[in-house]
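J.: Next comes the sequence, and after it the predicted model I'd like to discuss.
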Amino acid sequence: MTTSHSAKQPVPAALLDLDGTLVDSTYQHAIAWHRAFRDHRIVLPVWRLHRHIGMGGDQFVAAVAGEQAERDLGDELRDAHGRHFAELIDEVELMADARALIEVLHDRGAAVVLASSSRERELEHFRSMLNVDDLLAGATSSADVEQAKPEPDLICAALEKAPDTERAVMVGDSTWDCEAARRAGVASVALLTGGFSEQELRDAGAAAVFESIGELIDQLDRTPLG
């Protein structure tokens, strides 16, 4: 017998990652980083850069190029990445059913927060694409955190946008999203849209993994978001 929605425990806050989850920007970020490093005569394979997309920019440089590169060029590389990504941002499209997910969660009573460490101008661009600000409890940007993913700062900042909820669930697409949620004591649901495998996402802490947003919506009641 199916229990009615009203008889279930309170709906959790939904903390939604943006890049790679709601907007199809993972590979544009990888190319932007590739070009940023090339600007400084550092040539790294794009596959290695892709494997770290979703990790915060404050940790990205050292992770892919070493501590010396971070000490010598960290801020310059992050600035260059921002410039190159700005050149590609108009090529970024919404993921299929991105708006529908926010609408469904809002209709169920969830406080929906965009849990992003994007720069403010990128966040505003993607919020404009989504056009669902009236359904959001709030949003975060890189300005809200001292340390980005996989540190838990972003999750904690997002939780502050929905302070009246008893629990929360992170929806992301990378191992870094799931790891940050785990460190913050928050359950996570993951999508394959960032290019990580189901096993990698589960090993990082995802309670459920789906191929697409549409599949997640169809099976929402089988996840911690249900």
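T.: Now that the structure is in, tell me what you want to look at. Numbers count the residues shown, from 1 in each chain.
J.: how about the residue nearest to residue 216 when sequence neighbours are not counted, phi and psi?
T.: In space, and not counting its chain neighbours, residue 216 is closest to residue 210: 4.3 Å by Cβ to Cβ, 6 or more residues apart in numbering. C-beta: built from backbone N, CA, C; applies to glycine. The phi and psi values for residue 210, taken as degrees, to the nearest 10, are phi -130, psi 150.
J.: can you list the domain ranges for the chain.
T.: Listed domain ranges for the chain are 5-24+93-222, 26-91 (source: automatic domain parsing).
J.: quick revisit: does the residue nearest to residue 216 really touch residue 219, like I thought?
T.: Yes. Here residue 210 reaches residue 219: they are 7.0 Å apart, a contact under Cβ atoms under 8 Å.
J.: Comparing the two, which residue is more hemmed in?
T.: The neighbour comparison of residue 210 against residue 219 (other Cβ atoms under 10 Å) goes to residue 210, with 23 against 14.
J.: Centre-most residue in this structure?
T.: residue 17 (2.8 Å; Cα atoms, centre = their mean).
J.: For that residue, give me its contacts.
T.: 54, 115, 116, 170, 171, 172, 173, 174, 177 (Cβ atoms under 8 Å, 6 or more residues apart in numbering).
J.: Please verify my assumption that residue 129 contacts residue 90.
T.: No. Residue 129 is beyond contact range of residue 90, at 10.4 Å (criterion: Cβ under 8 Å).
J.: So between the two, which is more surrounded?
T.: A count of neighbours by other Cβ under 10 Å puts residue 129 above the other of residue 129 and residue 90, at 16 against 9.
J.: Nearest spatial neighbour of the more buried one, chain-adjacent residues omitted?
T.: Nearest one to residue 129, counting by Cβ to Cβ, 6+ apart, is residue 94 at 5.7 Å.
J.: how far away is that neighbour from residue 39?
T.: 29 Å (Cβ to Cβ, to the nearest Å).
J.: Tally up the residues packed near residue 91, please.
T.: Neighbour count of residue 91, defined by other Cβ under 10 Å: 11.
J.: Would you list the phi and psi of it?
T.: phi -90, psi -10.
J.: dump the residue contacts of it.
T.: residue 28.
J.: and the longest helix seen in the chain, what does it pack onto?
T.: Longest helix in the chain by number of residues (criterion: DSSP state H): helix 67-88. Applying 3 or more Cβ pairs under 8 Å, 6 or more residues apart in numbering; DSSP states H and E, one finds that helix 67-88 contacts helix 26-39, helix 57-65.
J.: show me where this protein has strands.
T.: 13-16, 112-114, 138-139, 168-172, 187-191, 206-210 (DSSP state E).
J.: Now tabulate those strands in a markdown table and tack on distance to residue 58 and mean pLDDT.
T.: Conversion of these to a markdown table gives the following (distance: least, Cβ to Cβ, whole Å; pLDDT from 0 to 100):
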| stretch | distance to residue 58 | mean pLDDT |
| --- | --- | --- |
| strand 13-16 | 20 | 98 |
| strand 112-114 | 19 | 97 |
| strand 138-139 | 19 | 96 |
| strand 168-172 | 18 | 98 |
| strand 187-191 | 21 | 98 |
| strand 206-210 | 24 | 98 |
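J.: Nice, that's everything, thank you.
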